[in-house]
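> all I have is the shape, not the residue letters:
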């Protein structure tokens, strides 16, 4: 997965790893957005949607865990760590809520949780475009 | 009329049987990442497989012996042993990926973890090889595999800009931010996914099992020249669907479930159900073929009695090899290794192992002792040599590119 990362020695290196983590999380959020569209337009069975969301949740959780384990090289990177960490956490929570709703066949709850996806997309897009 | 039906059925089977987990994963990943800029490896792979599958079928029909049997006789024990080890290793990895692919397909329909399905799938593969007739086994899964044309219908339904798609396919460019080595790595993956070695072993051994004669050379050509291009069209439609839906959303493909998203969006529940049947049929059919291929090549190398049509009592080692490899593949599938990663490695290692299969096929197809008056024409040899150069270049570059790009990351 593109979000996998080792240690970061410089602020630039850390920013690069943050960018890759954001891209990988954005992929999971976009996948969940398509899954939500399938549900909204009644174009898929709940079993399939549950599997898609479960996979997306595992992806974003892995990205979050990997990113949080990277030691920020200096204080200047702490702010980035905190801000992106929060977005990744929100993404994992949102997709998790969608997956739970899907398994319960609770269409309205799933779509309500999915309402948070556009904001997450926009935030993650911002971090995906960070300069190297 | 009966002959015509046989040809028609063979072509349908060849179309449906062309796509397996390798194509499903590689073409979806390539489409989501590069749009249609990696159609050329599919077409290149198609040309290579057309040439060599026809040769393998012709060799098996005229000599009444499968390719691997002749490899040992023609190239000697040592060269054949290297060939055997490489081919079985790649076959085994591919079989693991296919069995996991069947389990993942069932998971998509049931939301029950694929780990629970793997033992049942492995048992099903063994039972079907044991109990079901060769012709039924081949035709049912091949024809069910035709449901993968739901991807083509989905693409049509999306009303894409055909001019833009054509331009992407004919003027391939590496997207901004992507490195050329990664692009080339994925080109080899798509190429390897199109021409996995087990297909040749299965095809030639199947011709011997079904007792093809000179009269059946026409069926061989029809299966290859009609069936394979249409199968490649299904593979291209998978890539196109991913290019139209997943690429604009910047989706990185890590799971088989993502491959079906475009069909669900375009065709709804019915389309989704149809394509899941296609996933199941393509991977199950290939699980059977890879299991049989392992039995075929090992038995043919050691000179054991072999054949799906031969009873287990008469070919105990052939059936034992299949049983053991199925159990081992299921065991690897049950490990925590990501099945999509297994698939990616299997298709790249397929590219690495291809010369082991293709070089002896080209040599034998030119040997009048085996082929009589049906040796390769000059044109076939010229194209075969060019293809071989492509195969060797891909095989040589695969591992260095895998290391340099961290397996296409």
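Perfect, I can see it now. Everything numeric in this text was worked out from a predicted model, so none of it was measured.
> can stretch B:250-269 be found next to chain A?
Yes - contact check for stretch B:250-269 against chain A, using CB under 8 Å from any CB of the partner chain: residues in range are B:250-252, B:254-255, B:257-258, B:260-261, B:264-265, B:267-269. Backbone N, C-alpha and C define where each C-beta goes, glycine included.
> same thing with stretch B:11-29?
No - Stretch B:11-29 lies out of reach of chain A by CB under 8 Å from any CB, never closer than 11.8 Å.
> tell me the contacts of the residue nearest to the spatial centre of chain A?
Nearest to the geometric centre of chain A sits residue A:25, at 3.5 Å (CA atoms, centre = their mean). With contacts defined as CB atoms under 8 Å, 6 or more residues apart in numbering or on different chains, the neighbours of residue A:25 are A:3, A:59, A:60, A:63, A:64, A:87, A:88, A:91, A:124.
> related to what we said a few turns ago, among the residues of stretch B:250-269 next to chain A, name the buried ones.
In the residues of stretch B:250-269 next to chain A, burial by neighbour count holds for B:250-252, B:254-255, B:257-258, B:260-261, B:264-265, B:267-268, counting by 16 or more other CB atoms under 10 Å in any protein chain shown.
> and those residues, which is closest to residue A:37?
residue B:265 (6.6 Å; CB to CB).
> tell me which element that closest one falls in.
Under the criterion of DSSP states H and E, residue B:265 resides in helix B:261-302.
> roughly how far is that helix from the heart of the chain?
10 Å (CA atoms, centre = their mean, to the nearest Å).
> next structured bit after it?
With DSSP H and E, the next secondary element past helix B:261-302 is helix B:316-334.
> can you state the direction angle for that following helix and helix B:261-302?
Calculated by axes from the mean of the first three to the mean of the last three CA atoms, to 10 degrees, helix B:316-334 forms an angle of 140 degrees with helix B:261-302.
> and the next helix or strand past helix B:316-334?
Secondary structure here is assigned by DSSP H and E; on that basis, the next helix or strand after helix B:316-334 toward the C-terminus is helix B:339-364.
> wait, does that next one contact chain A?
No - contact between helix B:339-364 and chain A, assessed by CB under 8 Å from any CB, is absent, since the two come no nearer than 10.0 Å.
> give me the mean pLDDT for that helix.
Across helix B:339-364, pLDDT averages out at 88.
> tell me what angle it forms with helix B:316-334.
Regarding helix B:339-364 and helix B:316-334, their directions subtend 150 degrees when assessed with the same axes, to 10 degrees.
> for the residue sitting nearest the centre point of chain B, give me its contacts.
When chain B is reduced to its mean C-alpha position, the nearest residue by CA atoms, centre = their mean turns out to be residue B:196, at 4.7 Å. When the contact criterion is CB under 8 Å, 6+ apart, the partners of residue B:196 are B:20, B:22, B:90, B:94, B:346, B:347, B:350.
> try residue A:82
Residues touching residue A:82, when contacts are defined by CB under 8 Å, 6+ apart, are absent altogether.
> that one is in what secondary structure piece?
If you go by DSSP H and E, residue A:82 is part of helix A:75-103.
> just give me the neighbour total for the residue in the stretch 51-200 of chain B positioned nearest to chain A.
Of the residues in the stretch 51-200 of chain B, the one nearest chain A is residue B:111, at a distance of 4.0 Å by CB to the nearest CB. By the other CB atoms under 10 Å in any protein chain shown criterion, the neighbourhood of residue B:111 contains 16 residues.
> and the helix or strand hosting residue B:72, what's buried?
Applying DSSP H and E as the criterion places residue B:72 in helix B:67-75. Taking 16+ other CB under 10 Å as the basis for neighbour counts, the residues of helix B:67-75 that come out buried are B:67, B:68, B:69, B:70, B:71, B:72, B:74, B:75.
> just the pLDDT for the fifth one.
The one in question is residue B:71. The confidence metric pLDDT takes the value 82 at residue B:71.
> give the residue spans of the chain that score low on pLDDT.
I went with chain A, as the question did not name one. A:1-7, A:132 (pLDDT under 70).
> other chain: chain B
Ranges of chain B meeting pLDDT under 70: B:1-2, B:5-6, B:9-10, B:12-13, B:16-17.
> output the set of residues of it in proximity to chain A.
B:107-111, B:245, B:249-252, B:254-255, B:257-258, B:260-261, B:264-265, B:267-269, B:272-273, B:276, B:409.
> now tell me what touches stretch B:400-409 from outside.
By CB under 8 Å, 6+ apart, the surrounding residues in contact with stretch B:400-409 are A:2, A:4, B:179, B:181-182, B:184-186, B:188-189, B:341, B:344-345, B:348.
> pull out the buried members of the residues you listed.
Those of the contacts of stretch B:400-409 that meet the buried threshold are A:2, B:181, B:182, B:184, B:185, B:186, B:188, B:189, B:344, B:345, B:348, by 16+ other CB under 10 Å.
> near chain B, list only the ones from the contacts of residue A:25.
Of the entries in the contacts of residue A:25, those that also sit close to chain B under the rule CB under 8 Å from any CB are residue A:59.
> top of the contacts of residue A:25 by neighbour count?
Neighbours here mean other CB under 10 Å. Within the contacts of residue A:25, the largest count is held by residue A:60, at 31 neighbours.
> residues contacting residue B:309?
Listed by CB under 8 Å, 6+ apart, the contact set of residue B:309 reads B:134, B:209.
> give me phi/psi at it?
When quoted as degrees, to the nearest 10, the phi and psi of residue B:309 stand at phi -80, psi -10.
> kindly report the same for residue B:253.
Reported as degrees, to the nearest 10, the phi and psi values for residue B:253 are phi -90, psi 110.
> surely it and residue B:246 touch.
Yes - Residue B:253 sits in contact with residue B:246 when judged by CB atoms under 8 Å, with a separation of 6.6 Å.
> intersection of neighbour lists for those two?
Each of B:28, B:32 lies in contact with both residue B:253 and residue B:246 under the rule CB under 8 Å, 6+ apart.
> if I look at the residue nearest to the centre of chain A, how far off is chain B?
Residue A:25 is 10 Å from chain B, where distance means CB to the nearest CB, to the nearest Å.
> next: residue A:83.
Counting by CB to the nearest CB, the separation of residue A:83 from chain B is 20 Å.
> one more: residue A:68?
Computed with CB to the nearest CB, the distance linking residue A:68 and chain B is 20 Å.
> what is the neighbour count of that residue?
Counted with other CB under 10 Å, the neighbours of residue A:68 add up to 13.
> I'd say it and residue A:84 touch.
No - with contact defined as CB under 8 Å, residue A:68 and residue A:84 do not form a contacting pair (9.6 Å).
> flag every residue of chain A that's near chain B.
A:1-2, A:4, A:23-24, A:26-27, A:30-31, A:33-35, A:37-38, A:41-48, A:50-52, A:54-55, A:59, A:103, A:128.
> can you flag the buried ones in the residues you listed?
When the residues of chain A next to chain B are checked for burial by 16+ other CB under 10 Å, the buried set is A:1-2, A:23-24, A:26-27, A:30-31, A:33-35, A:37-38, A:43-48, A:50-52, A:54-55, A:59, A:103, A:128.
> would you point out which residue of the stretch 301-409 of chain B is nearest chain A?
Closest approach of the stretch 301-409 of chain B to chain A (CB to the nearest CB) occurs at residue B:409, with a separation of 6.3 Å.
> number of residues surrounding that residue?
Using other CB under 10 Å, residue B:409 has 11 other residues around it.
> for residue B:160, same thing?
Burial of residue B:160, expressed as a neighbour count using other CB under 10 Å, amounts to 14.
> that one in helix, strand or coil?
Three-state call for residue B:160 (DSSP: H, G, I helix; E, B strand; the rest coil): coil.
> make sure it is actually in contact with residue B:244.
Yes - in terms of CB under 8 Å, residue B:160 counts as a neighbour of residue B:244; the distance is 5.5 Å.
> nearest spatial neighbour of residue B:72, chain-adjacent residues omitted?
With CB to CB, 6 or more residues apart in numbering or on different chains as the measure, residue B:80 is the residue that lies nearest to residue B:72, at 3.9 Å, once sequence neighbours are left out.
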